[in-house]
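Asker: need coordinates for the below:
(one chain, ligands or ions: 1)
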Amino acid sequence: MRPIRAVVLGAGYRGRAYAAFALEHPGELEIVGVADPEHAETIPAPRYWRDWRECLAARPEADMVFVTLPDALHYEAAMAALDAGYHLLLEKPIARTEAHCREIIASAVAKGLLVATGHVLRYTSYFAHIKAIIDSGELGEVVSIAHQESVGFFKIAHSHCRGNWSNSERSSPIILQKCSHDFDLFAWWLGRRCRRVSSFGSLRLFRPENRPAGAADRCADCPRQIERACIWSACKMYLEYGERLGYMFADTSREAMERIVNESPFGRCVYACDNNVPDHQVVNMEFEGGATVSLVMAGYTERNVRTTRISCTGGEIVGDGERLHICRFGSADADLDPSREPFALRETNPSRHGGGDFNLVRSAIRLVRSGDAAAMKTCTEAALESHLMAFAAEESRLNGGRVVELK
Ligand SMILES: NC(=O)c1ccc[n+]([C@@H]2O[C@H](COP(=O)([O-])OP(=O)(O)OC[C@H]3O[C@@H](n4cnc5c(N)ncnc54)[C@H](O)[C@@H]3O)[C@@H](O)[C@H]2O)c1
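Answerer: Next up, the predicted model:
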């Protein structure tokens, strides 16, 4: 049996993360080409192109296209790849507007092609374990979920103030970028559709009026006493904090990081960027059957982690992002199944999303190999639900929290 052949469009953090599967499992996946203007060669392949259009125009002999391009290029690239007859592994967001998301999914379904969207969390053992407990019925019915996506202070400044996801005109609303994963989990756990949504949120901190008097536009040029006193100094963030940068940049040598600080957009003062996405947002949802979900997207937190409390008619599931505590009300023995508890993530490498990246690739290539049209359609359509919830949340936020009914 030959491996599934794929081309990668966009050899950044996500392209490299998925392509790494082929290196570890060459019998299952072969990368036959890569398109990227700058980083193509960071993924081993027999053919390279500088632009995704050149790649698709060459009609490479492949079964799948991995679309791991910046958000703004997803729609055009995904539609072109589907028109050329390729199955897709498409990073989230599917596209930046509801109409474009619907068009991509409809095109794939009409052509009998797979769109496996990058909702990697449902492919992790931690979140799948929650799903298994809910589905077992051991705790009764889910009544409410309180869930927080803590973005982390490093990431809110790096990605959502200085970086690619800072301006909704260029990328997409932050509630879609950051939380389509979370919406996907809610719909999957509950196995029901969301009926209505309301949301509030705004940009509190990284605004020009909060800039310290005398601060320069770039941290490397800032007066030393101001720069040293600033949590958000790019000199501190990229040269001193020691945060794992490997998944953000292909080259993390000292020289490369100095270039990042001195020359790239990541060296800008956080109060002098063209960012507009909120740094905090809350979303309330009601699902068919009456279950309620509240989601908090919090930018200013120490760690990037998701925490969850699921209240059921007969018990509770509490997750701190790494471990789950599961209790049945009135039971002397709090944990349901000693062989299952305490439950902890087996793979903690954050650049691999707790094993989710590889499990998503494995699941997508198995679906393609199976040729199971019904299963491919189910997988393709599932991703749209989370995006519709995110677009409804953004519509509500922009309209003062007005309740938005999902169509
Ligand atoms: N599933 C997840 O958890 C997750 C996490 C992070 C990012 N993402 C999504 O993945 C996508 C990629 O994000 P990333 O973090 O890898 O970004 P990135 O900037 O690291 O990678 C994007 C790559 O696309 C390349 N590119 C730009 N224009 C191109 C063109 N015309 N042709 C070919 N290549 C081109 C860039 O050079 C870059 O290497 C985004 O849509 C993002 O929202 C998903």
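
Asker: my guess is Asn210 meets Cys273, correct?
Answerer: No - in this structure Asn210 lies outside contact range of Cys273 using Cβ atoms under 8 Å: 11.9 Å. From N, CA and C alone the C-beta is placed, and that goes for glycine too.

Asker: neighbour-wise, which of those two wins?
Answerer: Cys273 (21 against 10; other Cβ atoms under 10 Å).

Asker: number of nearby residues for the residue in the stretch 201-350 of the chain that the ligand sits nearest to?
Answerer: Closest to the ligand within the stretch 201-350 of the chain is Met248: 7.4 Å, counting by Cβ to the nearest ligand atom. Using other Cβ under 10 Å, Met248 has 19 neighbouring residues.

Asker: just the one 10 residues further on next, same as before
Answerer: As a burial measure, the neighbour count of Glu258 was computed by other Cβ under 10 Å and equals 15.

Asker: ok, for Asn275, nearest residue in space, not its chain neighbours?
Answerer: Ser166 (3.8 Å; Cβ to Cβ, 6 or more residues apart in numbering).

Asker: for the one you found, the count of nearby residues, please.
Answerer: Residues within reach of Ser166, counting by other Cβ under 10 Å, total 23.

Asker: surely it meets Asp274?
Answerer: Yes - counting by Cβ under 8 Å, Ser166 touches Asp274, with 7.2 Å between them.

Asker: can you pull the contacts of the closest residue in space to Pro70 that isn't next to it in sequence?
Answerer: Of all residues not flanking Pro70 in the chain, Asn164 sits nearest, at 6.1 Å (Cβ to Cβ, 6+ apart). Residues in contact with Asn164 (Cβ atoms under 8 Å, 6 or more residues apart in numbering) are 70-71, 170-171.

Asker: what subset of those is also close to the ligand?
Answerer: Contacts with the ligand within those, as defined by Cβ under 6 Å from any ligand atom: 70-71.

Asker: which of the contacts of Asn164 fall in helices?
Answerer: If you go by DSSP state H, the contacts of Asn164 have nothing in helices.

Asker: where along this structure do the helices fall?
Answerer: According to DSSP H, the helices that the chain contains are 13-24, 52-57, 74-83, 98-111, 125-136, 153-157, 174-190, 224-229, 234-239, 254-263, 356-370, 373-398.

Asker: reformat the ones you listed as TSV; add mean pLDDT and distance to Arg328.
Answerer: Listed next are the helices of the chain as TSV, based on pLDDT from 0 to 100; distance: least, Cβ to Cβ, whole Å:
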stretch	mean pLDDT	distance to Arg328
helix 13-24	95	38
helix 52-57	98	51
helix 74-83	98	43
helix 98-111	97	39
helix 125-136	92	11
helix 153-157	96	36
helix 174-190	97	18
helix 224-229	97	51
helix 234-239	95	45
helix 254-263	95	50
helix 356-370	95	28
helix 373-398	96	30
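
Asker: so which residue of this structure comes closest to the ligand?
Answerer: Gly12 (1.7 Å).

Asker: how about the residues of the protein near the ligand?
Answerer: Residues of the chain lying near the ligand (Cβ under 6 Å from any ligand atom): 9-15, 35-39, 51-52, 68-71, 73, 91-92, 118, 120, 164, 177.

Asker: which among those residues end up buried?
Answerer: Using 16 or more other Cβ atoms under 10 Å as the burial test, the residues of the chain next to the ligand include 9-15, 35-36, 39, 52, 68-69, 71, 73, 91-92, 118, 120, 164, 177 as buried.

Asker: so which of the residues you listed belong to strands?
Answerer: 9, 35 (DSSP state E).

Asker: out of the contacts of Asn164, which is nearest to Ile156?
Answerer: Ser171 (14.2 Å; Cβ to Cβ).

Asker: so for the closest one, what's the pLDDT?
Answerer: Listed pLDDT for Ser171 reads 87.

Asker: and for it, the neighbour number?
Answerer: For Ser171, the neighbour count with other Cβ under 10 Å is 21.

Asker: Leu69 is in contact with that one, correct?
Answerer: No - between Ser171 and Leu69 there is no contact, the gap being 11.7 Å when judged by Cβ under 8 Å.

Asker: what comes up buried for stretch 156-163?
Answerer: 156-163.

Asker: from the residues you listed, pick the one nearest Val361.
Answerer: Distances from Val361 to the buried residues of stretch 156-163, taken by Cβ to Cβ, are shortest for Ser159, at 22.9 Å.

Asker: chain neighbours aside, what residue packs nearest to the closest one?
Answerer: Using Cβ to Cβ, 6+ apart, the nearest residue to Ser159 is Trp165, at 4.9 Å.

Asker: ok, how many other residues are close to the one you found?
Answerer: Neighbours of Trp165 under the rule other Cβ under 10 Å: 24.
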